[in-house]
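> this one's structure only:
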């Protein structure tokens, strides 16, 4: 195994651990789904805020357009919110069969220069997410020693 392959393999093994280190805060729920935001992941640039979301389903949910059909219980997304017009777009995400994020069943990533933004309907879960990420102060970077 080359050094590059070894480094890639170790990085893949470490990636799930990053989600476990996240500080998920519940921001809303709708029917069978609860939505959490990793407060430490919020990053702001101008009127935009980027954050990691976690959608936790109480029952298996069908993966859209999957052939063969598959189901998931957890979805992690990177959402970009426009704090000035309340619009949002999902830049990427991964769906997991289990509720701990260990068994991925599908993933997706979009070109950030061509994201389809939608306005969050008032009092919807997406509206709660946009409000949370746009009003939560950004975490301070770790102090240098």
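That came through fine. Since we're looking at a predicted model, the values are computed, not measured.
> just checking, what packs against the lengthiest strand in the chain?
If you go by DSSP state E, the chain has its longest strand at strand 48-62. In terms of contacts (3 or more CB pairs under 8 Å, 6 or more residues apart in numbering; DSSP states H and E), strand 48-62 is packed against strand 33-38, strand 43-45, strand 71-82, helix 125-135. Any C-beta I mention is one placed from the backbone N, CA and C, and that applies to glycine too.
> how about CSV for the ones you listed, with mean neighbour count and mean pLDDT added?
Formatted as CSV, these follow (neighbours: other CB atoms under 10 Å; pLDDT from 0 to 100):
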stretch, mean neighbour count, mean pLDDT
strand 33-38, 20, 97
strand 43-45, 13, 96
strand 71-82, 20, 98
helix 125-135, 19, 96
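> Distance to residue 116 added to the ones you listed, as JSON lines?
Compiled in JSON lines, those are given as follows (distance: least, CB to CB, whole Å):
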{"stretch": "strand 33-38", "distance to residue 116": "20"}
{"stretch": "strand 43-45", "distance to residue 116": "20"}
{"stretch": "strand 71-82", "distance to residue 116": "11"}
{"stretch": "helix 125-135", "distance to residue 116": "13"}
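> Which of these sits closest to residue 110?
strand 71-82 (9.8 Å; CB to CB).
> What lies in contact with whichever helix or strand comes after the closest one?
Helices and strands here follow DSSP states H and E; after strand 71-82, the next one along the chain is strand 87-96. With CB atoms under 8 Å, 6 or more residues apart in numbering as the test, strand 87-96 has contacts from 50, 63, 72-82, 101-110, 112, 115-120, 126, 129-130.
> try 7 Å
63, 72-81, 102-110, 112, 115-120, 126, 130 (CB atoms under 7 Å, 6 or more residues apart in numbering).
> and the helix or strand just after that strand with strand 87-96, angle?
Per DSSP H and E, the first helix or strand lying C-terminal to strand 87-96 is strand 104-109. If you take axes from the mean of the first three to the mean of the last three CA atoms, to 10 degrees, strand 104-109 sits at 150 degrees to strand 87-96.
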